[in-house]
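S.K.: quick one, what's the 3D model for this:
(one chain, ligands or ions: 2)
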Amino acid sequence: MKLRGDYHMHSKYSGDSKNELEGIVLKAIELGLEEIAITDHGPAHTGYGIKKEDYPELRAQIDALNQKYPEIKILLGLEANILGLDGAIDLDEEMRQYNDWVNAGYHFGSRLSKDYKIHFINFMAKFSKVFHKKAVKINTKAMTAAMRRNKIHMITHPGAKGPVDMDEVAKVAAETGTMLEINNSHGHLSVAEIKIAMQYPVVFVVNSDAHQLDRIGSVEASLQRAKEAGLDFSRIYNVIVEA
Ligand SMILES: [Zn+2]
Ligand SMILES: [Zn+2]
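M.R.: Ligands and ions are numbered 1, 2, ... in the order given. This next block holds a predicted model:
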């Protein structure tokens, strides 16, 4: 079994990583990856989001690195934030012109001025059953609307940072051709969530979500959970199952 690519990692353009772009590329080549997507936090991420005006510069740098290192394909991605409840994400048309790969996920504290009620409900969900139920309802609504409204390659760590109805999320993921991530750094998809999602024709993807260079390509925990759930590895987008 071999990892073909890693489609979720952060660079210094996210406030919570110091990774230089060339360092990322060299590490990925060392690991024998064929393809990577550099997916910094969307601009609405509180504190750590990419500056929208940096995106064209990031495109130019990635183009130059693709020229310099033809042995690997480097995609310019984004880990967009799911905003509000109507399916909006913080990847606008202008940024989309530069983008090759779209990840989207819910992040606590994004677009705080408008979405503070959503974050409050998700915060309270840890302590109260009533709020938990409410959180599942709104998070599922937002996530499924985002998949229907936007072309998204994959949902990052579904179920982390806010509970969802996995049955509904998986159904819409299958319908819209959106992959669901088994994230190595966060515990989601969990074993129980994979078991639910695999009942639908969903494609899965395992990713490091590396914020540090030495984490790139690390998907052991993801694969362990997939194995525990009994998932057929041929359903994982970026794993090559050798006969
Ligand atoms: Zn994330
Ligand atoms: Zn991430």
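
S.K.: mind checking pLDDT for the residue nearest the centre of the chain?
M.R.: The geometric centre of the chain, computed from its C-alpha atoms, lies nearest to T156 (Cα atoms, centre = their mean), at 2.8 Å. According to the prediction, T156 has pLDDT 98.

S.K.: how far away is it from E242?
M.R.: 27 Å (Cβ to Cβ, to the nearest Å). Every C-beta, even on glycine, is put in place using the N, C-alpha and C of the backbone.

S.K.: tell me which parts of the chain are close to ligand 2?
M.R.: Applying the criterion Cβ under 5 Å from the ion, the portion of the chain that neighbours ligand 2 consists of 79, 209.

S.K.: go again using 8 Å as the cut-off
M.R.: Those residues of the chain that sit near ligand 2, judged by Cβ under 8 Å from the ion, are 8-10, 14, 39, 41, 79, 103, 105, 156-157, 183, 185, 209, 211.

S.K.: which ones among these lie within helices?
M.R.: With helices defined by DSSP state H, no entry of the residues of the chain next to ligand 2 lies inside them.

S.K.: buried ones among these?
M.R.: Among those, those scoring as buried are 8-10, 14, 39, 41, 79, 103, 105, 156-157, 183, 185, 209, 211 (criterion: 16 or more other Cβ atoms under 10 Å).

S.K.: of those, which ones also sit close to ligand 1?
M.R.: Cross-checking those against ligand 1 (Cβ under 8 Å from the ion) gives 8, 41, 79, 103, 105, 156-157, 183, 209 as the overlapping residues.

S.K.: tell me the two of these that are most distant?
M.R.: When these are compared pair by pair using Cβ to Cβ, the two farthest from each other are H41 and N183, 14.4 Å apart.

S.K.: max-length helix in this structure?
M.R.: What stands out as the longest helix in the chain, according to DSSP H, is helix 129-149.

S.K.: let me see the mean pLDDT of that one.
M.R.: Across helix 129-149, the average pLDDT comes to 98.

S.K.: now do the helices in this structure.
M.R.: When assigned using DSSP H, the helices of the chain occupy the ranges 21-30, 55-68, 93-96, 112-124, 129-149, 166-176, 191-197, 220-229.

S.K.: columns mean neighbour count and distance to L85 on top of those helices, output as TSV?
M.R.: Listed next are the helices of the chain as TSV, based on neighbours: other Cβ atoms under 10 Å; distance: least, Cβ to Cβ, whole Å:
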stretch	mean neighbour count	distance to L85
helix 21-30	18	34
helix 55-68	15	26
helix 93-96	12	21
helix 112-124	15	7
helix 129-149	18	5
helix 166-176	19	14
helix 191-197	20	21
helix 220-229	17	29
